[in-house]
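Enquirer: Provided below for reference: sequence and predicted model.
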Amino acid sequence: MYTATTSCHWKHSSLFVFSENMAQKGLGASRGCTSEQKEFNIVAVGDAACGKTALITTYTTGVFPEYCLPTVLESTVANTVFDGQQFQLNISDCSGTEDFDRLRPMSYRNVDVVLICYDVMSPATFENVFHRWYPEVQHFCARVPIILVGCKTDLRSDKFLEEKLWSLGQNAIMYTQGEEARRKISAVAYLECSAKCHEKVDDVFREATKQALMVKRVKARVTKSGSPCASS
């Protein structure tokens, strides 16, 4: 939960985000062997209160939630336009508490991209990227693209939180550390964002769409090469 007061300047999203009913319209794939998947499943994981729920809510509603209730497994549907095409994103927000460790694996079924999130002002959530979340994702969906996301970047300028970390002998997680973590876990991208300031929120899901589309296109080419529609 955000408790600090920060100064933010919000620029309206350049992507289209709709309600579930609107998102279900106009999504039919073209017919025949030229059809391309228009729907992707995205799962966000990370420690409780690391900022993933605020990230998803801000993206799908355009409104930053001042208070986020604990989630178990929340699913949201949104539309986005990428590369001149419209795609439906099925976004799952998974609980980060150990109480739901047995339920969370269900969310990894048929997933196209995983977002591993952490709080840039919480070294503990950053360490759990290595000790908890990456091992879990590798176990359940080893071949799925991972995007590492540093959340709550607006709080880096909060002096109170900075001094609190110093008193504990800790520091905020900086961009270079996040990028190094990306390399260590072989994530396809590292992005930072502030849901509260509406900064780079769209970038996270644009990158997720891009990565999912790349994987699907590679698979489609492999399938097409052996299908009756392939040129002889």
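Expert: Looks like it came in fine.
Enquirer: can you name the next helix or strand after the helix or strand of the chain with the lowest mean pLDDT?
Expert: Taking mean pLDDT, DSSP states H and E as the measure, the helix or strand of the chain with the lowest value is helix 20-23, at a mean of 36. Proceeding N to C from helix 20-23, the next assigned helix or strand is strand 39-46, under DSSP states H and E.
Enquirer: give me the helices and strands touching the helix or strand following that next one, please.
Expert: The helix or strand immediately downstream of strand 39-46 is helix 52-61, counting by DSSP H and E. Contacts defined by 3 or more Cβ pairs under 8 Å, 6 or more residues apart in numbering; DSSP states H and E place helix 52-61 against strand 39-46, strand 73-82, strand 85-94, strand 113-119, strand 146-151, helix 201-225. To be clear about C-beta, it is placed using only N, CA and C from the backbone, and glycine gets the same treatment.
Enquirer: so which bits of helix 52-61 are buried?
Expert: 52-60 (16 or more other Cβ atoms under 10 Å).
Enquirer: touching that helix from outside, list them.
Expert: With contacts defined as Cβ atoms under 8 Å, 6 or more residues apart in numbering, helix 52-61 is touched by 2, 13, 17, 44-46, 63-65, 68, 71, 74, 76, 78, 91, 93, 96, 115, 117, 149, 151, 193, 195-196, 198, 201-202, 204-205.
Enquirer: put the buried members of those into a PyMOL selection.
Expert: Burial among the contacts of helix 52-61 is assessed by 16+ other Cβ under 10 Å; the matching PyMOL selection reads:
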select buried, resi 2+17+44+45+46+64+65+68+71+76+78+91+93+96+115+117+149+151+193+195+196+198+201+202+204+205
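Enquirer: pull the number of nearby residues for K210.
Expert: 17 (other Cβ atoms under 10 Å).
Enquirer: hang on, it packs against F82?
Expert: Yes: between K210 and F82 a contact is recorded at 6.4 Å, counting by Cβ atoms under 8 Å.
Enquirer: what's the separation between V201 and F160?
Expert: For V201, the distance to F160 equals 24 Å [Cβ to Cβ, to the nearest Å].
Enquirer: kindly report the same for Y190.
Expert: Between Y190 and F160 the computed distance is 27 Å (Cβ to Cβ).
Enquirer: excluding chain neighbours, what is closest to the residue minimising distance to the centre of the chain?
Expert: Centroid-nearest residue in the chain, with Cα atoms, centre = their mean: L115, separated by 3.7 Å. The shortest distance from L115 to any non-neighbouring residue, by Cβ to Cβ, 6 or more residues apart in numbering, is to A44 (4.3 Å).
Enquirer: just to check, the one you found is in contact with S95?
Expert: No: A44 is beyond contact range of S95, at 10.8 Å (criterion: Cβ under 8 Å).
Enquirer: quick one: low-confidence ranges for this structure?
Expert: For the chain, the stretches with pLDDT under 70 are 1-37, 68-72, 225-232.
Enquirer: at 50 what do you get?
Expert: Segments of the chain classed as low confidence (criterion: pLDDT under 50) are 1-7, 9-34, 231-232.
Enquirer: report the beta-bridge partners for the residue nearest to the centre of the chain.
Expert: Beta bridges link L115 to A44, I147 when assigned by DSSP bridges.
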